[in-house]
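Participant: missing the sequence, but the structure's below:
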């Protein structure tokens, strides 16, 4: 009798259904936008972090985290996702200095554009403006960026400006701030330490790249490029949105008003920032859920995010609220689409493979209980 009972228990355990995680469910989807990527995972270098946020009865916050192929030691190019920490750190430094404010006018020495931190940060999130990032980069400098992130427990290495000559110049340009209509104050130029090569897996990529209109037939070296792994992006979003859960040293030191401004800027649609061209549809820089459609984002979905796309890499780090289900999520994902293995030839499968994958991934993770 005992042996029969034991055998019965073993059979029941063996037949018990092992429930899949939300990520496993999505990645086993028959949807072609997902399936064609999953069928060639090594080629597409997919990494995903997914967090469901739960609010307990006493309003305490609990994270339930899932990951897929995440490796901080395997390099991917973060592209414009690095603008996220630079926007936050510029506001943090401004709060400490107290010489000027978010709406104080300034210009970079040698630049004819007068602007404000408010305008530059809005441009960074609404349309991913490179020049806006570069102006804030001049204000901070490489050493200070990396030191501030390290002190918050964020593993990264920011080394260069974006889409400009001498992007890795070690000496920053001074910023000239207007105190009033006739008085200005100038920040000091910063001389930063030399950049060291990254010692990570996969910093040599592809089989060639275009340089000065000539094909160089050897892998492209990314070891001097910006480095911001998926874990760091994901944790930064947690530390900004749910700062009270972290020690003071890991929080972004922002005023209540500046933190609110930053979070609002991260949700800006291009049209809300004054970009009215048809090229700037709602999903223009919101890859998850809406990247592959030009339809308006409905009011019941809120997305605060930062994307990056360059060299065939597409990344999105997003905090998403689905008001219909009263649920909150953080999703950070990256994919690489460079079928021919050549860099700088402007031939990447962004629209056909990369963005459709990220959009469908977001839909299946966030809208599954809404439709």
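Facilitator: Done, it's in. None of the values given here were measured: they were computed from a predicted structure. Numbers count the residues shown, from 1 in each chain.
Participant: Tell me which stretches of the stretch 101-250 of the chain form strands.
Facilitator: 106-108, 175-178, 184-186, 204-205, 208-211, 214-216, 220-221 (DSSP state E, counting those that start in this stretch).
Participant: Of those, which stretch is the most buried?
Facilitator: Mean neighbours per residue, mean count of other CB atoms under 10 Å, is largest over the strands of the stretch 101-250 of the chain for strand 106-108, with a mean of 21. Glycine gets a C-beta too; all of them are placed from N, C-alpha and C.
Participant: Identify all contacting residues around that strand.
Facilitator: With contact meaning CB atoms under 8 Å, 6 or more residues apart in numbering, strand 106-108 is reached by 100, 113-117, 135, 138, 173-178.
Participant: what about 6 Å?
Facilitator: Identification of contacts with strand 106-108 by CB atoms under 6 Å, 6 or more residues apart in numbering yields 114, 135, 138, 173, 175-177.
Participant: Ok, which of the strands of the stretch 101-250 of the chain comes nearest residue 308?
Facilitator: Closest to residue 308 of the strands of the stretch 101-250 of the chain is strand 204-205 (CB to CB; 15.7 Å).
Participant: Helices of this protein, residue ranges please.
Facilitator: Ranges of helices in the chain, per DSSP state H, are 2-15, 22-27, 32-38, 41-44, 83-97, 117-127, 130-140, 142-151, 230-241, 256-266, 287-290, 355-366.
Participant: Now do the buried residues in stretch 62-74.
Facilitator: Residues 66-68, 70-71 are the ones in stretch 62-74 that count as buried (16 or more other CB atoms under 10 Å).
Participant: want to throw these into JSON lines with pLDDT and distance to residue 107?
Facilitator: Output for these, formatted as JSON lines (pLDDT from 0 to 100; distance: CB to CB, whole Å):
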{"residue": "66", "pLDDT": "98", "distance to residue 107": "45"}
{"residue": "67", "pLDDT": "98", "distance to residue 107": "43"}
{"residue": "68", "pLDDT": "98", "distance to residue 107": "44"}
{"residue": "70", "pLDDT": "98", "distance to residue 107": "41"}
{"residue": "71", "pLDDT": "98", "distance to residue 107": "41"}
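Participant: out of these, who's nearest residue 335?
Facilitator: Sorting the buried residues of stretch 62-74 by how near they are to residue 335, with CB to CB, puts residue 68 at the top with 11.5 Å.
Participant: Okay, and the beta partners of the closest one?
Facilitator: Beta-bridge partners recorded for residue 68 (DSSP bridges): residue 48.
Participant: That concludes my questions; thank you for your assistance.
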